[in-house]
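[1] Just the structure for this:
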Amino acid sequence: MSFRDQESGGEDGGRSSSASDLRKPLLNTGSWYRMPTAGGMGSRQSSLMERLGSSTFSLRDAQVSAVLCTLIVALGPIQFGFTCGYSSPTQDAIISDLGLTLSEFSLFGSLSNVGAMVGAIASGQIAEYIGRKGSLMIAAIPNVIGWLAISFARDSSFLFMGRLLEGFGVGVISYTVPVYIAEIAPQDQRGALGAVNQLSVTIGILLAYLFGMFVPWRILAVLGITNSNLATFGLGVVQVVATGVTTWLTDKAGRRLLLIISTTGMTITLVVVSVSFFVKDNVTAGSHLYSVMSMLSLAGLVAFVIAFSLGLGAIPWIIMSEILPVNIKSLAGSVATLANWLTAWAITMTASLMLNWSSGGTFAIYAAVCTMTLVFVCLCVPETKGRTLEEIAFSFR
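    Sure thing, here's the model as predicted:
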């Protein structure tokens with residue numbers, strides 16, 4: 001006799017159990033699995049309690065469910081990556097088709113950060129009132145409308161509206177997904193599953209670059225992806241691979257060590273790029289030294305992307321979701337996410353002006369910022385590997 005037949009005690013009970021099983025969700029995170037109240041419990045809760053009597057089954061079931069939930073919510077960060085990968089590679093095609101000026105297109109590219117700032121401010125309260133799953137469902141609405149507006153745009157107004165809407169959705173996603181993953185992940189897998197958030201972002205960018213080599217920008221806007229070229233695609237591959245390594249290392253090496261390695265690597269590579277640009281500005285174009293410096297600057301930028309992906313790309317989102325106490329998580333998480341998007345907007349708006357002023361000087365300033373980040377990590381950032389969320393919260397009291 002099967003497990004369910006034993007539980008039901010007969011054919012009628014078996015049919016009841018089968019009907020109950022049809023109502024059972026795929027992942028054990030919802031109300032179906034909640035503990036029974038003092039008033040009693042139905043046969044399906046009773047069955048569950050019997051099955052949870054086996055610690056091996058319980059552990060395996062929890063881990064599988066956490067992984068499946070993470071893979072599902074990781075679709076949100078892929079949309080995040082679509083947005084990050086859209087504007088720059090499509091510049092020539094969009095300007096040509098719609099007759100935009102360069103300044104109008106620059107505004108178009110930066111509006112996603114503005115929308116994301118608004119989404120970040122609202123994300124904490126949305127997640128608090130309607131839950132993590134509900135906020136992700138809400139975020140999908142402006143994303144869909146935004147991409148459709150871009151796809152059918154005939155002038156700059158639709159482009160700008162679509163970019164703002166997709167930015168708002170991404171702002172909500174960027175807070176909700178890492179927090180949700182941290183809350184459902186087992187203690188020994190929280191780092192690896194948390195890093196899936198950033199891995200999905202890089203996969204979204206990579207898919208955008210891949211399909212962008214073959215499909216027109218209007219069609220890609222419906223999918224959320226863009227035109228690009230082979231070199232950019234190659235850089236996307238590097239980013240995905242490096243972030244994949246981070247996913248594997250996070251629960252082994254620890255968050256703090258990866259942050260130190262990442263910021264150190266970023267500082268060194270930015271110094272190399274800065275020096276190479278300073279040297280190029282003072283040698284004859286076309287000379288052997290000029291060619292060497294050009295290759296060195298390119299290698300430095302690729303190494304910078306790798307160093308960023310090894311730590312600062314994924315770890316801050318993980319630590320944010322781990323260290324914030326429950327009573328201030330929505331507000332503090334919104335502020336942290338807002339700071340991320342505000343900084344991204346500031347860099348987007350100033351990078352071109354600074355590069356026109358001095359390429360070497362620009363990267364020297366970025367290197368100085370990375371140095372300050374390294375000092376901050378060494379002095380202030382705690383290690384959260386292998387600690388429960390309750391232990392982490394208690395350590396800040």
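
[2] how about whichever strand or helix holds residue 348: buried residues?
    Under the criterion of DSSP states H and E, residue 348 resides in helix 329-357. Under the neighbour-count criterion of 16 or more other Cβ atoms under 10 Å, helix 329-357 has 329, 330, 333, 334, 336, 337, 338, 340, 341, 344, 345, 348 buried. (C-beta placed from N, C-alpha, C; glycine too.)

[3] For residue 134, state which of those is nearest.
    residue 330 (13.4 Å; Cβ to Cβ).

[4] what about the closest residue in space to that closest one that isn't next to it in sequence, how many residues close to it?
    Spatial nearest neighbour of residue 330, excluding adjacent residues (Cβ to Cβ, 6 or more residues apart in numbering): residue 124 at 3.4 Å. Using other Cβ atoms under 10 Å, the number of residues around residue 124 comes to 26.

[5] can you check residue 328 too?
    11.

[6] Adding distance to residue 77 as columns, could you present the buried residues of helix 329-357 in CSV?
    Shown next, in CSV, are the buried residues of helix 329-357 (distance: Cβ to Cβ, whole Å):
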residue, distance to residue 77
329, 19
330, 20
333, 16
334, 18
336, 16
337, 13
338, 18
340, 13
341, 14
344, 15
345, 19
348, 20
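
[7] Low-confidence bits of this structure, can you list those?
    The model of the chain has pLDDT under 70 over residues 1-62, 87-91, 211-232, 397.

[8] The helix holding residue 348: how far from the chain's middle?
    The gap between where helix 329-357 is centred and where its chain is centred comes out at 15 Å by Cα atoms, centre = their mean, to the nearest Å.

[9] who does that helix touch, helix- and strand-wise?
    Secondary-structure packing of helix 329-357 (3 or more Cβ pairs under 8 Å, 6 or more residues apart in numbering; DSSP states H and E): helix 102-151, helix 156-184, helix 315-323, helix 359-380.

[10] So for residue 264, which of those helices sits nearest?
    helix 359-380 (6.0 Å).

[11] Next, the angle helix 329-357 makes with that closest one.
    150 degrees (axes from the mean of the first three to the mean of the last three Cα atoms, to 10 degrees).

[12] Any buried residues in helix 359-380, and which?
    For helix 359-380, by 16+ other Cβ under 10 Å, it's 359, 360, 362, 363, 364, 366, 367, 370, 371, 373, 374, 377.

[13] can you give me the offset of it from its chain's centre?
    Distance of helix 359-380 from the chain centroid (Cα atoms, centre = their mean) equals 23 Å.

[14] So residue 86, which state does it fall into?
    Following DSSP: H, G, I helix; E, B strand; the rest coil, the label given to residue 86 is coil.

[15] what's around it, how many residues?
    Counted with other Cβ under 10 Å, residues neighbouring residue 86 total 28.

[16] Now name the helix or strand holding the spatially closest residue to residue 74 that is not a sequence neighbour.
    Excluding its sequence neighbours, the residue lying closest to residue 74 (Cβ to Cβ, 6+ apart) is residue 200, at 4.1 Å. Assigned by DSSP H and E, residue 200 belongs to helix 190-212.

[17] picking that back up, compute the inter-axis angle for the helix holding residue 348 and helix 102-151.
    140 degrees.

[18] that older thread, which elements pack onto the helix holding residue 200?
    Under the contact definition 3+ Cβ pairs under 8 Å, 6+ apart, helix 190-212 sits against helix 55-73, helix 75-84, helix 156-184, helix 217-223, helix 230-253, helix 315-323.

[19] Let me see the contact set for residue 376.
    Listed by Cβ atoms under 8 Å, 6 or more residues apart in numbering, the contact set of residue 376 is empty.

[20] Quick check: it vs residue 80, distance?
    25 Å (Cβ to Cβ, to the nearest Å).

[21] go on, residue 391?
    30 Å.

[22] Who has more neighbours out of those two?
    Higher neighbour count among residue 391 and residue 80: residue 80, with 29 against 11, using other Cβ under 10 Å.

[23] need the contact list for that one.
    170, 173, 174, 200, 201, 204.

[24] and the residue nearest to the last one when sequence neighbours are not counted, what is it in contact with?
    This points to residue 204. Closest residue to residue 204 apart from its sequence neighbours, by Cβ to Cβ, 6+ apart: residue 81 at 2.1 Å. Taking Cβ under 8 Å, 6+ apart as the criterion, residue 81 is in contact with 200, 201, 202, 203, 204, 205, 206, 207, 208.

[25] can you rerun that using 6 Å?
    By Cβ atoms under 6 Å, 6 or more residues apart in numbering, the contact list for residue 81 reads 201, 204, 205.
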